[in-house]
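**Student:** Provide a 3D model corresponding to the input given below.
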Amino acid sequence: MIVLTTLVAMSCASDDQPFANLVGQWNKVSTSTQIGNQAPNTTPYDSNTIGCHKDYWEFLPDGQLRDVVLYKNAQEVCTEDVDLKTYVHTGDQLTISEPGLTETFTVIRLTGSLLEFQSTTTTGGITLKVTHTFARR
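**Tutor:** Take a look at the predicted model:
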């Protein structure tokens with residue numbers, strides 16, 4: 001009975017761990033922008049093509065990142081348009097690279113169902129925070 005209770009507790013807690021496994025497919029949910037101390041402005045991701053599955057990012061175990069946008073081709077068939085990138089995830093740091101651009105983000109939340117990462121820049125004493133939110137597919 002103790003073993004079963006421990007397994008159930010571990011199973012339930014695994015989704016609440018601060019940094020779960022990043023590998024998998026993640027639907028784009030929203031982007032939040034905060035300038036200085038102003039309230040964040042959250043924009044839901046609504047660029048999904050009607051009749052197709054949601055656009056998503058797929059983090060592969062080998063460090064590749066597939067940024068997938070689904071659209072309907074001339075025959076009205078949902079088709080993937082894939083932008084290939086690479087990533088490195090270490091602790092709370094997520095670095096995403098594509099030709100000519102490398103960005104490092106701080107992972108704020110990574111559970112079995114939710115991924116949030118943020119970039120922070122300061123210019124002229126004003127801080128800009130951009131938070132990206134994804135939900136596991």
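**Student:** just the helices in the chain please.
**Tutor:** Assigned by DSSP state H, the helices in the chain fall at 2-13.
**Student:** what residues are up against the residue lying closest to S47 once chain neighbours are set aside?
**Tutor:** Computed as C-beta to C-beta, 6 or more residues apart in numbering, the closest residue to S47 that is not its neighbour in sequence is D55, at 6.5 Å. For glycine as for every other residue, the C-beta is placed from the backbone atoms N, C-alpha and C. If a contact means C-beta atoms under 8 Å, 6 or more residues apart in numbering, then D55 has 27-28, 45, 47-48, 68-70 as its contacts.
**Student:** filter the residues you listed to the buried ones?
**Tutor:** The neighbour count (16 or more other C-beta atoms under 10 Å) marks 27-28, 48, 68-70 as buried among these.
**Student:** can I get those in CSV with distance to T95 and pLDDT?
**Tutor:** Shown next, in CSV, are the buried ones among the contacts of D55 (distance: C-beta to C-beta, whole Å; pLDDT from 0 to 100):
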residue, distance to T95, pLDDT
N27, 22, 97
K28, 19, 96
N48, 27, 95
V68, 20, 98
V69, 22, 97
L70, 26, 97
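**Student:** distance to V130 added to those, as JSON lines?
**Tutor:** JSON lines is the format used below for the buried ones among the contacts of D55 (distance: C-beta to C-beta, whole Å):
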{"residue": "N27", "distance to V130": "18"}
{"residue": "K28", "distance to V130": "14"}
{"residue": "N48", "distance to V130": "21"}
{"residue": "V68", "distance to V130": "21"}
{"residue": "V69", "distance to V130": "20"}
{"residue": "L70", "distance to V130": "24"}
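**Student:** which residue ranges of the chain form strands?
**Tutor:** 24-35, 41-44, 56-59, 64-72, 78-90, 93-98, 101-110, 114-123, 126-136 (DSSP state E).
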